[in-house]
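Asks: How does the following fold in three dimensions:
(2 chains)
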Amino acid sequence: MTLTTDHSRAVADGAHTHGVGGKPQGSRAERRTSFSLEDIPVPNGREEEWRFSPADRLQPLFQAELGTSGVTVQVTAAPEVKVETVARDDARLGTAGRPGDRTAVTAWNAFEQATIVTIPKEAVTSEVTSVRLEGVSQDATAAHVLVRAEQHSESVVLIDHAGSGLLSETVEIVVEDGAHLTVVSVQDWADGAVHASSHRARLGRDAKLKHVVVTFGGDVVRITPDAEFTATGGEVEMVGLYFADTDQHQEHRLFVDHAVPDCKSRVTYKGALQGSGAHTVWVGDVLIRANAENTDTYELNRNLVLSDGARADSVPNLEIETGEIAGAGHASATGRFDDEQLFYLQARGIPEVEARRLVVRGFFAELIHEIGVPSVEERLLASIEAELEKSMSVITGAPAA
Amino acid sequence: MPTLEIRDLHVSVETKEGPKPILRGVDLTIASGETHAIMGPNGSGKSTLASALAGHPKYTVTSGTATLDGEDLLEMTVDQRARAGLFLAMQYPVEVSGVSVANFLRTAKTAISGEAPKLRTWGKEVKGAMENLRMDPAFAERSVNEGFSGGEKKRHEILQMELFKPRFAILDETDSGLDVDALRIVSEGVNRAKEQTDIGILLITHYTRILRYIKPDFVHVFVDGKIAEEGGRELADRLEEEGYDKYLGANKTVSA
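Replies: Numbering: from 1, shown residues only, chains lettered A, B, ... in the order given. This is a model prediction of the structure:
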């Protein structure tokens, strides 16, 4: 067994726990989950899972009475894929774990219709299936999407968020035995959007899930992806990219539940921040339960702070209840844009603006290539360029394009 | 003839206790085609001279001038100095994660010459220069300085010097930490640049070892922030025998 921790480069802010052998207070294993609103009351902001969040800006999504008309849903499916709109009593809903916080439970209780995307057994899809949620009003709204990858299917599903709205969302992901599924969730909201989303994934035997989260837009975005292994041989790769500007809050809280032996998880999240009040939060909880022998897990978070007044919180938590594991580790580092890098590049004739571009592109480059969906990669590169234009205008004094 | 001219240069570094003077009146003139070695004990300010000329933000020029071909270097930004023809081979090259050597070289070459290099000839040029420095072609795909050994970093610096063809190059302890093989390869690179262009070189070193491979026209002994003695090649030989003790005796403020 190897247990590694890399703290060599300044960990900015945030607590940091290692629980080897015992259960620290607030163990993920003991966190309450429920479908009932009564069980998970409106938070006061001091709870562990809300302590970094702007509870005041999220208030509309804490309410029990959410509408269903503030966001439209449109699906463009691969020909092999089946798309349905179903009522909330459909038996397939609510099978991938239970809500674990207030917005997750409000989302579950308020939606009226759900979108189910099914990749049939052994189907290998020929193109990306895209589910587009577009905010059309400021009425707080609930939405529910279920992606079902049946046995031995292979596919890519993109869930796209745009426009402006207030959305409390559930994304259920069921990956059956031997299926390979990539889910990409892009938060490309316009200003004013407030979005909370509970992603709950359940993996069967030898199932593989690549879960990608990309967050650029919106005032407040808070995504909580959970992944649970239910049989041996499962593999989950969770990748995230985010870029926060002035006064944006982007929070990603992950939970990987190694409940069974012989599963593997990899988490890699990278974020850049610029502008005053830009705030990102990354919390990565990994729980290796007592019977999850031969688990192999590693999680990494890196943040690049490009200007003053931005704040990155990064909290990896690893709880290990068995010594019989293949490997477990995490690394977290938050660094400022490096003056020495800038000097090195400028000393080679490269102007400051171009030098900053090179460094930020380089920071994200490797991760973007890991996504493996060319259309998403191209879009991401373009979004990063657009974000960089904003920061360049700060440096050069020219207005943003 | 183009010259790099330094007159009565005073430079301070920012510290918590306030600005601390390091260079105390440096006078130096380097003409194209000349190789000058600056030697001196640790802490004498040799590297400060290199960084200050390149425009590192940590250093403040408090008085004096530095001109390249009559143009005021000190008025220029770091990148303008590089485009004016000044190159600094750094003592501690910095990692740039995710930026490949190939991409970096092309970006820098484009910035320096004002236009993108011709794809075909540039590729050959890079490949040839890497071969000369015994660098594996796979090197071009690695991130700049990331995971490079000490010797690889220095070869990469000299590779840039050969490709960017600056008018003046400052080599800041390029020899430090190199084994004999690497030292010879790096020195060959410098000598190639000297043969092929009219480059002026300011070679900063603590040791005389590299001067067996790169022959200086002038040697300057740097002590306590200024030049204490100047001479030809023979001065380096004398330093090798006598060390810096003679200079240190008179300057108690120099720290090791």
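Asks: pLDDT value on residue 140, please?
Replies: The chain I'm using is chain A. Looking at A:Ala140, its pLDDT stands at 96.
Asks: To clarify, I was referring to chain B.
Replies: At B:Ala140, the pLDDT recorded in the model is 95.
Asks: Tell me who's in contact with it.
Replies: B:Ser100, B:Val101, B:Ala102, B:Leu105, B:Val126, B:Met130 (CB atoms under 8 Å, 6 or more residues apart in numbering or on different chains). Yep, even glycine has a C-beta here, placed from its N, CA and C like the rest.
Asks: Go again with 10 Å.
Replies: B:Ser100, B:Val101, B:Ala102, B:Asn103, B:Phe104, B:Leu105, B:Gly123, B:Val126, B:Lys127, B:Met130 (CB atoms under 10 Å, 6 or more residues apart in numbering or on different chains).
Asks: Same check on A:Ala78?
Replies: So A:Ala78 contacts A:117, A:119, A:123-130, A:155-157 (CB under 10 Å, 6+ apart).
Asks: try 8 Å this time
Replies: Under the contact definition (CB under 8 Å, 6+ apart), the residues listed for A:Ala78 are A:Thr125, A:Ser126, A:Glu127, A:Val128, A:Thr129, A:Ser155.
Asks: Provide the partner residues of the fifth one in its beta bridges.
Replies: Each beta-bridge partner of A:Thr129 is listed here: A:Val157, as defined by DSSP bridges.
Asks: Any buried residues in stretch A:274-292, and which?
Replies: By neighbour count on 16 or more other CB atoms under 10 Å in any protein chain shown, the buried set for stretch A:274-292 is A:274-275, A:278-289, A:292.
Asks: Now do the helices in chain A.
Replies: Per DSSP state H, chain A carries helices over the ranges A:55-62, A:102-110, A:339-346, A:352-371, A:374-396.
Asks: Please identify the most buried of these.
Replies: helix A:102-110 (a mean of 24; mean count of other CB atoms under 10 Å in any protein chain shown).
Asks: and it, what's its mean pLDDT?
Replies: pLDDT averaged over helix A:102-110 gives 97.
Asks: Also stretch A:119-137?
Replies: pLDDT averaged over stretch A:119-137 gives 97.
Asks: sorry, back to before: which ones among the buried residues of stretch A:274-292 map onto strands?
Replies: Among the buried residues of stretch A:274-292, the members found in strands (DSSP state E) are A:His279, A:Thr280, A:Val281, A:Trp282, A:Val283, A:Gly284, A:Asp285, A:Val286, A:Leu287, A:Ile288.
Asks: Need these in a markdown table (columns: distance to chain B).
Replies: Shown next, in a markdown table, are those (distance: CB to the nearest CB, whole Å):
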| residue | distance to chain B |
| --- | --- |
| A:His279 | 24 |
| A:Thr280 | 19 |
| A:Val281 | 23 |
| A:Trp282 | 19 |
| A:Val283 | 24 |
| A:Gly284 | 21 |
| A:Asp285 | 27 |
| A:Val286 | 25 |
| A:Leu287 | 31 |
| A:Ile288 | 30 |
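Asks: Now distance to B:Gly189 and pLDDT too, for these, in JSON lines please.
Replies: Listed next are those as JSON lines, based on distance: CB to CB, whole Å; pLDDT from 0 to 100:
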{"residue": "A:His279", "distance to B:Gly189": "48", "pLDDT": "97"}
{"residue": "A:Thr280", "distance to B:Gly189": "44", "pLDDT": "97"}
{"residue": "A:Val281", "distance to B:Gly189": "48", "pLDDT": "97"}
{"residue": "A:Trp282", "distance to B:Gly189": "44", "pLDDT": "98"}
{"residue": "A:Val283", "distance to B:Gly189": "49", "pLDDT": "97"}
{"residue": "A:Gly284", "distance to B:Gly189": "46", "pLDDT": "96"}
{"residue": "A:Asp285", "distance to B:Gly189": "52", "pLDDT": "96"}
{"residue": "A:Val286", "distance to B:Gly189": "49", "pLDDT": "97"}
{"residue": "A:Leu287", "distance to B:Gly189": "54", "pLDDT": "96"}
{"residue": "A:Ile288", "distance to B:Gly189": "52", "pLDDT": "96"}
